[in-house]
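Student: okay, here's the prediction I keep looking at, along with the sequence it came from:
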Amino acid sequence: QQAAWDALGERAGAVVAMDPRDGSVLAMVSKPSFDANLFVHGISADKFREILNAPDRPLFNRALLGGYEPGSTFKPFVGLAGLELEVITPDKQVFSSGNYYMPGGSRPYRDWKKGGHGWVDIYGALEQSVNTYFYQLAYELGIDALHGYLTQFGFGDRTGLDLLGENRGVLPSREWKRGQYGLPWYPGETEISGIGQGFNVETPEQLATALSALVSDGTRYEPRLLFASKRTGDQQAQRVKAPLAQQIPVRESANWNTVREGMRRVVHGDQGTARAIKPGSGFQIGGKSGTAQVVAQEEDGEYEESETAIHLRHHALFIAYAPFTRPGIVVAAVVEHGGGGSRQAAPVARAVIDAWLSQELLP
């Protein structure tokens, strides 16, 4: 908890860390925050109004209520959907030229790298976060299959955490859009959904819970903050067990390993987008960066972070787990208006993992 708090520094954002083996919450931080002692000892009306009306919203719990486009942190789940639904195979390659065109369409959907990445399979697509690969995969899956599969990870619904006030987020579908806007689903919206943008909205808690399921072969818990409870007296405290929310069917375990290997390469691969946080020891972690747009860009416009007002800059996201072979912690980090996920959010997640590892090694 302290490591997550310190890693965010003075920046707005949220961090959620969980144990994927039992669904327990290891850390939950939302910044900016406030002094809770003010509410314990009595708070004046003026002070309460000051906190309530503060422009940085310290009373807003970003970990549970903050709705963010997941961006590329969504790609591992989309990739798994493609593998498990037999739309792709691990060795299928897609060519990234920098622009993707939907069959029969004339509008370009951009890759983040000018000129593209060339031929990539699912491993390379995750390692380098290749948009083109996931545009094509989302097109081949279709929004119905994509929505149906990803629902199993809890996207678009409350996680069941033992705390009030969770945001449900949005996992878009045809029915959702018609109910929300009275409009049909357009084909191009499927491609955008494939890279975690468009209508997609997730909370840090949802991302951590979904990642827990991904690294534990489909076991998804309702996360728990309460560790144990006991009645008055001398009897031993009883450990609180997180309820099982869903056991996601595993068609082929190799598919899950493929996605996790792609996430390992994000940190340890030669072209991994988060290789800057690679541990110097032999300790290995898996991860995925993401960038959430705050304002829409013009079709031909170029995003220059240094020339963009801070409050309009992209949000930075990163999800991670460790150790790679036997995960004991997952982390979801969001730095509001931080820019690139690998630069800003990945070091936050790494700091939390380091703190957890140091505790695990204590005698």
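Tutor: Received, thanks.

Student: helices of this protein, start to end?
Tutor: 2-8, 37-41, 45-52, 62-65, 75-84, 122-127, 131-141, 143-150, 174-181, 187-193, 204-215, 253-268, 341-344, 346-360 (DSSP state H).

Student: looking at these, spot the one closest to M18.
Tutor: M18 lies closest, by CB to CB, to one member of those: helix 204-215, at 4.9 Å. Bear in mind the C-beta positions are built from the backbone N, C-alpha and C, glycine included.

Student: for that closest one, name the packing helices and strands.
Tutor: Under the contact criterion of 3 or more CB pairs under 8 Å, 6 or more residues apart in numbering; DSSP states H and E, helix 204-215 touches strand 13-18, helix 62-65, helix 75-84, strand 219-221, helix 253-268, strand 315-322, strand 329-335.

Student: check which helices and strands the first one is in contact with.
Tutor: Think strand 13-18. Under the contact definition 3+ CB pairs under 8 Å, 6+ apart, strand 13-18 sits against helix 2-8, strand 25-31, helix 62-65, helix 204-215, strand 329-335, helix 346-360.

Student: again, 10 Å this time
Tutor: Counting contacts by 3 or more CB pairs under 10 Å, 6 or more residues apart in numbering; DSSP states H and E, strand 13-18 packs against helix 2-8, strand 25-31, helix 62-65, helix 204-215, strand 315-322, strand 329-335, helix 346-360.

Student: circling back: now the helices of the chain in CSV, please, with extra columns for distance to D157 and mean pLDDT.
Tutor: Output for the helices of the chain, formatted as CSV (distance: least, CB to CB, whole Å; pLDDT from 0 to 100):
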stretch, distance to D157, mean pLDDT
helix 2-8, 25, 96
helix 37-41, 30, 85
helix 45-52, 29, 89
helix 62-65, 13, 95
helix 75-84, 14, 98
helix 122-127, 25, 98
helix 131-141, 20, 97
helix 143-150, 11, 98
helix 174-181, 12, 97
helix 187-193, 17, 94
helix 204-215, 8, 98
helix 253-268, 22, 98
helix 341-344, 24, 82
helix 346-360, 24, 93
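
Student: tabulate the helices and strands packed on helix 204-215 (JSON lines), appending distance to A292 and mean neighbour count.
Tutor: As requested, the helices and strands packed on helix 204-215 are exported to JSON lines (distance: least, CB to CB, whole Å; neighbours: other CB atoms under 10 Å):
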{"stretch": "strand 13-18", "distance to A292": "11", "mean neighbour count": "29"}
{"stretch": "helix 62-65", "distance to A292": "13", "mean neighbour count": "22"}
{"stretch": "helix 75-84", "distance to A292": "13", "mean neighbour count": "24"}
{"stretch": "strand 219-221", "distance to A292": "23", "mean neighbour count": "22"}
{"stretch": "helix 253-268", "distance to A292": "17", "mean neighbour count": "21"}
{"stretch": "strand 315-322", "distance to A292": "4", "mean neighbour count": "30"}
{"stretch": "strand 329-335", "distance to A292": "8", "mean neighbour count": "31"}
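
Student: I'd like the ones you listed laid out as TSV, including distance to K278.
Tutor: Shown next, in TSV, are the helices and strands packed on helix 204-215 (distance: least, CB to CB, whole Å):
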stretch	distance to K278
strand 13-18	20
helix 62-65	27
helix 75-84	18
strand 219-221	28
helix 253-268	5
strand 315-322	12
strand 329-335	16
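
Student: shouldn't P32 be in contact with R11?
Tutor: Yes: with contact defined as CB atoms under 10 Å, P32 counts as touching R11 (9.1 Å).

Student: on that earlier part again, looking at the helices and strands packed on strand 13-18, which is nearest to G198?
Tutor: When those are compared by CB to CB, strand 315-322 sits nearest G198, at 15.1 Å.

Student: so how far is that closest one from its chain's centroid?
Tutor: In this view, strand 315-322 has its centroid 6 Å away from the chain centroid, taken as CA atoms, centre = their mean, to the nearest Å.

Student: now do that strand, average pLDDT.
Tutor: What strand 315-322 shows for mean pLDDT is 96.
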